[in-house]
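**Student:** generate a structure from the sequence data that follows.
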Amino acid sequence: MLASIRSSTLDGIDGAAVDVEVHVTNGLPAFTIVGLPDASCREARDRVRAAIESSDLAWPMQRITVNLAPSGVRKVGAGLDVPIGLGILAASEQIPLSALEDISAVGELGLDGSLRAVPGILPMVDVLKTNRVIVAAGDAGVAALGAGERVRPVRRLRDIVDAVAEGLPWPHVEPPQYHEEIRNDPDLADVRGQVSARWGLEIAAAGGHHLLLVGPPGGGKTMLARRLPGLLPDLSPEAARLVTRVHSAAAIRLPGSGLVRRPPFRAPHHSASMAALVGGGSGRIVPGEISVASEGVLFLDELGEFAPSVLDGLRQPLEEGVVRVARSGVMREHPANVLLVAAMNPCPCGEGGSVGCRCGPSARLRYSRRISGPVLDRLDVMVHVDRPSPTALLDSAPGESSGEVSQRVARVRELAACRGAPTNASLSREQLEDAAPLDAEATDVLHQALTDGRLSARGAMRVRAVARTIRDLDDAGSTLRACDVYAAIGFRVRPPMGGYDA
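**Tutor:** Next up, the predicted model:
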């Protein structure tokens with residue numbers, strides 16, 4: 001007998017609908033799964049058999065063939081266990097075939113017949129359009145974001161059989177008691193001194209401009225970078241849902257409510273590979289750190305220690321806000337709308353050509369060249385962070401708190417939204433012409449910088465966007481002044497790196 005039930009699998013950060021077809025016929029006992037299953041899908045045979053027998057149901061001693069259609073889509077993960085089990089029970093006439101009508105299921109089976117949560121449940125239930133979507137109780141909250149009241153959370157395989165075959169009511173599963181996780185972002189008031197670095201941090205947060213902090217160890221680069229997420233506003237409903245989908249697909253722990261509402265902060269180690277940072281993988285295409293940090297902050301500490309090829313892989317995602325991961329016969333597009341913050345020492349020893357520097361000229365030059373010019377050209381705000389003076393550390397009053405600065409950041413982002421972009425850094429060339437007109441003196445300053453070769457065409461556009469943010473933080477006047485353009489150009493001057501302007 002043949003039975004079919006609807007399910008889905010994970011394809012990048014999206015779900016792909018799967019028809020689980022089960023055929024049970026006479027013959028030597030055997031179990032075969034076809035339709036491009038991965039290793040975890042093929043192992044469903046042992047899990048499903050143990051779960052069925054643990055649920056006081058009979059395993060058919062016949063020839064069982066499971067087809068996962070469409071056969072051209074690779075099936076990954078253990079989320080197909082439950083539909084395979086239900087298909088076997090229907091094909092062996094232990095539950096009526098009509099019981100599977102208008103039902104879909106996603107979940108892993110334990111050997112005792114329990115249902116377990118699976119990664120990527122949100123994008124997987126998004127593609128299921130049946131009136132009832134069966135998921136594990138542990139996935140109920142996240143699944144409800146995609147399927148709403150159609151979700152049927154259960155704890156055991158036997159509960160599903162009782163509901164669909166015996167007509168018993170669906171089991172009542174107590175909704176999770178969500179205690180929203182409070183993310184205590186460190187406060188900017190903890191930073192003493194560093195006036196120019198604080199200003200650069202505020203400009204980066206307000207305008208969405210990528211930031212580079214260069215300075216010796218102990219200057220406060222990491223301390224500043226980790227306070228940037230606290231300056232950003234909450235995610236919009238659309239952005240929150242997108243980030244939640246990516247985090248669900250990447251098997252990252254979600255907050256209590258299931259919905260990510262604060263901008264994410266990711267800080268991968270400098271030994272990260274290209275696939276880890278950009279995305280990819282051999283078994284399936286998984287989102288990389290740049291996608292997981294989308295709509296938030298990607299912090300690359302010790303930038304000079306990253307492999308140059310890995311950093312160059314960020315060039316297209318930073319420019320377009322998406323990353324296209326291509327493998328043989330498949331291409332997936334993942335979000336990559338991040339605010340990049342990078343920190344690095346001026347030289348390998350960190351002292352940057354000072355009296356205590358132990359690096360030779362060739363070592364300093366080689367270190368500075370690890371960051372290519374095209375990557376640096378995408379960093380709009382560059383700040384040299386010196387070690388604060390003893391007076392600033394011990395005697396100065398605390399600076400503005402993150403709450404005070406975040407109010408100005410939110411106001412500037414609201415102005416950008418009125419111009420048709422989420423941030424000033426996202427304004428197109430045509431939008432900049434309308435939103436950032438230059439007065440005569442400012443036009444001369446920008447023209448001279450282009451003539452002298454200090455700016456590329458892209459650099460001039462980015463300078464104009466940064467100048468727009470600086471003016472918005474000041475008084476939100478419509479026309480950019482020469483002082484705004486001078487300040488924006490000053491932020492694009494590469495800080496001293498080992499005594500060389502490489």
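
**Student:** how many neighbouring residues does Cys418 have?
**Tutor:** 9 (other CB atoms under 10 Å). (Each C-beta comes from the backbone N, C-alpha and C, glycine too.)

**Student:** quick check: chain neighbours aside, which residue is closest to Val133?
**Tutor:** Leaving out its chain neighbours, the residue that sits closest to Val133 by CB to CB, 6 or more residues apart in numbering is Ala147, at 4.6 Å.

**Student:** wait, the one you found sits on Val125?
**Tutor:** Yes: judged on CB atoms under 8 Å, Ala147 makes contact with Val125 at a distance of 4.6 Å.

**Student:** overlap in contacts, those two.
**Tutor:** Taking CB atoms under 8 Å, 6 or more residues apart in numbering as the criterion, Ala147 and Val125 both touch Val133.

**Student:** for the two, indicate the residue with more neighbours.
**Tutor:** Counted by other CB under 10 Å, Ala147 and Val125 do not tie: Val125 has more neighbours, with 25 against 22.

**Student:** same for the helix or strand containing the more buried one, what does it pack against?
**Tutor:** According to DSSP states H and E, Val125 maps onto helix 121-126. When contacts are defined as 3 or more CB pairs under 8 Å, 6 or more residues apart in numbering; DSSP states H and E, helix 121-126 sits against strand 2-11, strand 14-25, strand 132-136, helix 140-147, helix 237-249.

**Student:** quick one: mean pLDDT for stretch 38-53?
**Tutor:** Averaged over stretch 38-53, pLDDT sits at 93.

**Student:** now it: how far from the chain's centre is it?
**Tutor:** Distance of stretch 38-53 from the chain centroid (CA atoms, centre = their mean, to the nearest Å) equals 32 Å.

**Student:** contacts for that stretch?
**Tutor:** Contacts for stretch 38-53 (CB under 8 Å, 6+ apart): 31, 33, 37, 58-59, 68, 74-78, 80-81, 84-85, 88-89, 108-114, 157, 283-284.

**Student:** from those residues, which land in helices?
**Tutor:** Here DSSP state H is the test, and the contacts of stretch 38-53 give Asp81, Ile84, Gly85, Ile88, Leu89, Leu157 as lying in helices.

**Student:** is it true that Ser406 touches Asp234?
**Tutor:** No: at 10.3 Å, Ser406 and Asp234 do not qualify as touching, with contact defined as CB under 8 Å.

**Student:** neighbour count: the two, which is higher?
**Tutor:** Counted by other CB under 10 Å, Ser406 and Asp234 do not tie: Ser406 has more neighbours, with 20 against 11.

**Student:** tell me which element the more buried one falls in.
**Tutor:** Assigned by DSSP H and E, Ser406 belongs to helix 402-418.

**Student:** now what about that helix, what contacts it?
**Tutor:** 185-189, 202, 205-208, 227, 230-233, 422-424, 426-427, 469, 472-473, 476.

**Student:** quick one: buried ones out of these?
**Tutor:** 185, 187-189, 202, 205-208, 227, 230-232, 422-424, 426-427, 469, 472-473 (16 or more other CB atoms under 10 Å).

**Student:** and the residue nearest the centre of this structure?
**Tutor:** Val292 (1.6 Å; CA atoms, centre = their mean).

**Student:** could you point out where the stretch 351-500 of the chain is predicted with low confidence?
**Tutor:** 352-355, 395-396, 494-500 (pLDDT under 70).

**Student:** helices of that one, residue ranges please.
**Tutor:** Assigned helices in the stretch 351-500 of the chain, in chain order: 361-368, 373-377, 390-394, 402-418, 429-435, 440-451, 457-474, 482-492 (criterion: DSSP state H, counting those that start in this stretch).

**Student:** quick revisit: select only the buried ones of the contacts of stretch 38-53 in PyMOL?
**Tutor:** Buried residues within the contacts of stretch 38-53, by 16+ other CB under 10 Å, are selected in PyMOL with:
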select buried, resi 31+33+37+59+68+74+75+76+77+78+80+81+84+85+88+89+108+109+110+113+114+157+284
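
**Student:** dump the residue contacts of the closest residue to Asp484 other than its chain neighbours.
**Tutor:** For Asp484, ignoring the flanking residues on the chain, the nearest one in space by CB to CB, 6+ apart is Ala467 at 4.1 Å. Contact analysis of Ala467 by CB under 8 Å, 6+ apart lists Ala436, Ala442, Leu480, Asp484, Val485, Ala487, Ala488.

**Student:** if we go to 7 Å?
**Tutor:** By CB atoms under 7 Å, 6 or more residues apart in numbering, Ala467 lies in contact with Ala436, Leu480, Asp484, Val485, Ala488.

**Student:** which one is Ala140 nearest to, not counting chain neighbours?
**Tutor:** Per CB to CB, 6+ apart, closest to Ala140 is Pro153, 3.7 Å.

**Student:** name the surrounding residues that touch the helix or strand encompassing that neighbour.
**Tutor:** Taking DSSP H and E as the definition, Pro153 sits inside strand 151-154. For strand 151-154, contacts defined as CB under 7 Å, 6+ apart pick out 115, 132-137, 140, 143-144, 160, 170-171, 173.

**Student:** now the two most distant members of those residues.
**Tutor:** Spanning the widest gap among those are Ala144 and Ile160, at 18.1 Å by CB to CB.

**Student:** right, and Ala250 touches Arg284 too?
**Tutor:** No: counting by CB atoms under 7 Å, Ala250 does not reach Arg284; the two are 11.4 Å apart.

**Student:** so for the two, which residues contact both of them?
**Tutor:** With CB under 7 Å, 6+ apart, Ala250 and Arg284 have no common neighbours.

**Student:** can you list the domains in the protein?
**Tutor:** Domain ranges of the chain: 2-165, 188-420, per automatic domain parsing.

**Student:** related to what we said a few turns ago, pick the most buried one from the helices and strands packed on helix 121-126.
**Tutor:** Across these, the average number of neighbours (mean count of other CB atoms under 10 Å) peaks for strand 132-136, which reaches a mean of 25.

**Student:** quick check: angle from it to strand 2-11?
**Tutor:** Here the directions of strand 132-136 and strand 2-11 differ by 60 degrees (axes from the mean of the first three to the mean of the last three CA atoms, to 10 degrees).

**Student:** quick one: mean pLDDT for strand 132-136?
**Tutor:** Averaging pLDDT along strand 132-136 gives 94.

**Student:** low-confidence regions, the stretch 51-200 of the chain specifically.
**Tutor:** Those would be 175-183, if you go by pLDDT under 70 across the stretch 51-200 of the chain.

**Student:** how about 50 then?
**Tutor:** Of all residues in the stretch 51-200 of the chain, those with pLDDT under 50 make up the ranges 178.

**Student:** which stretches of it form strands?
**Tutor:** Assigned by DSSP state E, counting those that start in this stretch, the stretch 51-200 of the chain shows strands spanning 63-69, 103-105, 108-109, 115-116, 132-136, 151-154.

**Student:** thank you kindly, that will do.
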